[in-house]
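> model the structure of this input:
(2 chains)
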Protein chains: 2
Amino acid sequence: MDVRSVGEDGWIRRIRERFAKSPARLGIGDDAAVVDIPAGSSVVACSDLVVENTHFLRNLHPPDSVGYKAVAVNVSDVGAMAGVPLYFMISMSAPPDLDWSWVEGFYNGVEVACSKFGVALIGGDTSSSDRIFVDVSMIGHAPGGRVVCRSGARPGEGIYLTGTLGGSSLGLELLQQGESLDHPAVHRHLYPEPRHRVGRALIAKATAMIDISDGLSTDLGHLVEESTVSARIFRNMLPVFNGATDRQVLHGGEEYELLFTGMSLPASMDGIPVTRIGEIFAAAGAPQVVLVDRTSESVLTPSGWQHFER
Amino acid sequence: MDVRSVGEDGWIRRIRERFAKSPARLGIGDDAAVVDIPAGSSVVACSDLVVENTHFLRNLHPPDSVGYKAVAVNVSDVGAMAGVPLYFMISMSAPPDLDWSWVEGFYNGVEVACSKFGVALIGGDTSSSDRIFVDVSMIGHAPGGRVVCRSGARPGEGIYLTGTLGGSSLGLELLQQGESLDHPAVHRHLYPEPRHRVGRALIAKATAMIDISDGLSTDLGHLVEESTVSARIFRNMLPVFNGATDRQVLHGGEEYELLFTGMSLPASMDGIPVTRIGEIFAAAGAPQVVLVDRTSESVLTPSGWQHFER
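Residues are numbered from 1 along each chain as shown, chains lettered A, B, ... in the order given. All right, here's what the predicted structure looks like:
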């Protein structure tokens, strides 16, 4: 059975039945969804694309991983603002000859993400196309409108990181070499753990925050640029995923760890290790990231994921 | 200059500069946007895909029409709930060799839609792909959480429609035949007018509402199904766009007129003609739409736009 034989109405009906239990005032099935956020809160909104052959390969990535990850990366984005994720929509375009089991598998992963992160699917759109294209848009809330932006880092503050780095790109490499889905690095690549609860707990503690989606060098680059400061990080302080290379640690994307700044933060939060990896200093010229490796210093050029370059 | 040479960071920087004036608490440029909706309101949320070769052809549709329409169709969806559109995100995937002028043209149309509908761009995502994919997700509000759903139609109520039908599909046909962009039907196809202000004004008057995006037969079919009623419409009461065929009037999509039910509604709202085209009656078996043409009656089968069928 392929997508064509299920049809657009059939597709929507099946999702609607599957995700019928929802805290939304009005969920899937009308022109728009209607939801409430707690009184006194602002709406936190983001969206993330998942495109076949750019973000995943159909013959390499299990469909439930694609569905899980599409939701998880948005949970991570809301968490990186210290917001609380609540609701999401999925717009999905697929080839008419795509086997329906792929779509079912995709929604299996979405369902896992829903129960794991306490979020609910409330709508979206479907269309036909040559390749699978997914856009998840998420709505969360921020009590009192307070969030942690990328722009708040100040000289003298420490730079902190949850978890470890390099695991996701190592996992992708191993997956391409035929490694089992159970391998810890492969599992990390396929089912990343967003740190939204840590992000939320950092609301009054972190001065700036971003999640590592494009790689440490690129995302710390964004943070220093938005804050108009520079950063110094220490190679020997970086928490390394077992087996990851230097390049994977410094530039590997899709980690979904939180990178944040502040004064004397705890060594673990919500059961997740937190490591101080460097410090913020005043930018003399353009904001930059300096990597200290033993006794030598070098400027770390953003070399993480950039679309359109390949 | 193509998309590759502008790059992802360059793309985001340009949009951010262009859409910097925003009523959002925090707009483009962080992990997520932060916006406020009026106290006591619910959030109304929807999303709509615009896919190259499915929704538009790059050699036929001007890029500003694609951008304008991507926003307008979401404004229409929020309006069809009697909600007020406020903010939106654009996730867009494009081939690296796409000329940057296409993207600029696209955002020209987005900018027109922003000022015309009083909505603001607050974020999104970009990626590379073989074809152009656009997903716009919109956030609006509904004071007191009150909306008009598809499910509220009751026997004895009239069926009403704003504007005329058939113009958009006639316009597409003429466009394919090389007709000028100024032709009224072509213009209607390229730059549809969402009726969100009428929709909003119908909050206490309409019992059920939907916008005509997939064609009268399909969308009235959705309304009767959700309301568990049947509908009778009169062929000679249907307001026809000048020159449109029977098929275009009954099944043509992308009209973005509002179809709604209620008792004795005015003949014009917000300067837009409102026509009573039929009536709701109790469904004996499965809900259906009956078309009365002079003295003969026939069941109108939904034959509007369905993805995956072609």
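> could you use CA atoms for every contact and neighbour count after this?
Will do.
> in the stretch 201-310 of chain A, which ranges drop under the pLDDT threshold?
Low-confidence segments of the stretch 201-310 of chain A (pLDDT under 70): A:305-310.
> how about the helices in the stretch 151-300 of chain A?
A:167-176, A:184-190, A:196-201, A:216-227, A:246-251 (DSSP state H, counting those that start in this stretch).
> and residue A:26, which of those helices is closest to it?
helix A:196-201 (25.5 Å; Cα to Cα).
> give the other helices and strands that that closest one contacts.
helix A:63-79 (3 or more Cα pairs under 8 Å, 6 or more residues apart in numbering or on different chains; DSSP states H and E).
> next secondary structure element downstream of the helix it packs on?
strand A:84-94 (DSSP states H and E).
> now the element after that following strand, going C-ward?
helix A:100-117.
> report the inter-axis angle for that following helix versus strand A:84-94.
Relative orientation of helix A:100-117 and strand A:84-94, computed by axes from the mean of the first three to the mean of the last three Cα atoms, to 10 degrees: 170 degrees.
> list of residues touching helix A:100-117?
Applying Cα atoms under 8 Å, 6 or more residues apart in numbering or on different chains, the contact partners of helix A:100-117 are A:1-3, A:6, A:62-72, A:75, A:85, A:119-121.
> over to stretch A:129-141?
By Cα under 8 Å, 6+ apart, stretch A:129-141 touches A:37-38, A:41-52, A:70-71, A:74-75, A:78, A:83-96, B:51, B:53-54, B:91, B:133, B:135, B:137.
> likewise stretch A:227-239?
Here stretch A:227-239 has contacts from A:150-155, A:159, A:163-165, A:224, A:275-283, A:286-294, using Cα under 8 Å, 6+ apart.
> would you mind giving the helices of the stretch 151-300 of chain A as TSV with distance to residue B:145 and mean neighbour count added?
Shown next, in TSV, are the helices of the stretch 151-300 of chain A (distance: least, Cα to Cα, whole Å; neighbours: other Cα atoms under 10 Å in any protein chain shown):
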stretch	distance to residue B:145	mean neighbour count
helix A:167-176	42	22
helix A:184-190	38	22
helix A:196-201	27	22
helix A:216-227	37	23
helix A:246-251	45	20
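> redo those as CSV? Include distance to residue B:17.
Below are the helices of the stretch 151-300 of chain A laid out as CSV (distance: least, Cα to Cα, whole Å):
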stretch, distance to residue B:17
helix A:167-176, 33
helix A:184-190, 34
helix A:196-201, 28
helix A:216-227, 14
helix A:246-251, 27
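> let me see the contact set for residue A:222.
Contacts of residue A:222 by Cα under 8 Å, 6+ apart are residue A:150.
> and with 10 Å instead?
Taking Cα atoms under 10 Å, 6 or more residues apart in numbering or on different chains, we find residue A:222 in contact with A:150, A:151, A:210, A:216, A:228, A:287, A:288, A:302, B:9, B:29, B:30.
> likewise for residue A:73?
So residue A:73 contacts A:46-50, A:79, A:136, A:138, A:192-194, A:211, A:213, A:254-256 (Cα under 10 Å, 6+ apart).
> my guess is residue A:25 contacts residue A:32. True?
No - in this structure, residue A:25 is not within contact of residue A:32 by Cα atoms under 10 Å, at 11.1 Å.
> shared neighbours, the two?
A:122, B:43, B:44.
> next, the contact list for the last one, please.
Counting by Cα under 10 Å, 6+ apart, residue B:44 touches A:25-26, A:31-36, B:77-79, B:81-86, B:138-142, B:145, B:147.
> whichever of those end up buried, select them in PyMOL.
To isolate the buried ones among the contacts of residue B:44 in PyMOL, judged by 16 or more other Cα atoms under 10 Å in any protein chain shown, type:
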select buried, (chain A and resi 26+31+32+33+34+35+36) or (chain B and resi 77+78+79+81+82+83+84+85+86+138+139+140+141+142+145+147)
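> now the residue nearest the centre of chain A: how far from residue B:141?
Centroid-nearest residue in chain A: residue A:73, 2.8 Å away (criterion: Cα atoms, centre = their mean). Applying Cα to Cα, to the nearest Å, the value for residue A:73 to residue B:141 is 26 Å.
> try residue A:294
Per Cα to Cα, residue A:294 is found 55 Å from residue B:141.
> now residue A:163
When residue A:163 is compared with residue B:141 (using Cα to Cα), they lie 38 Å apart.
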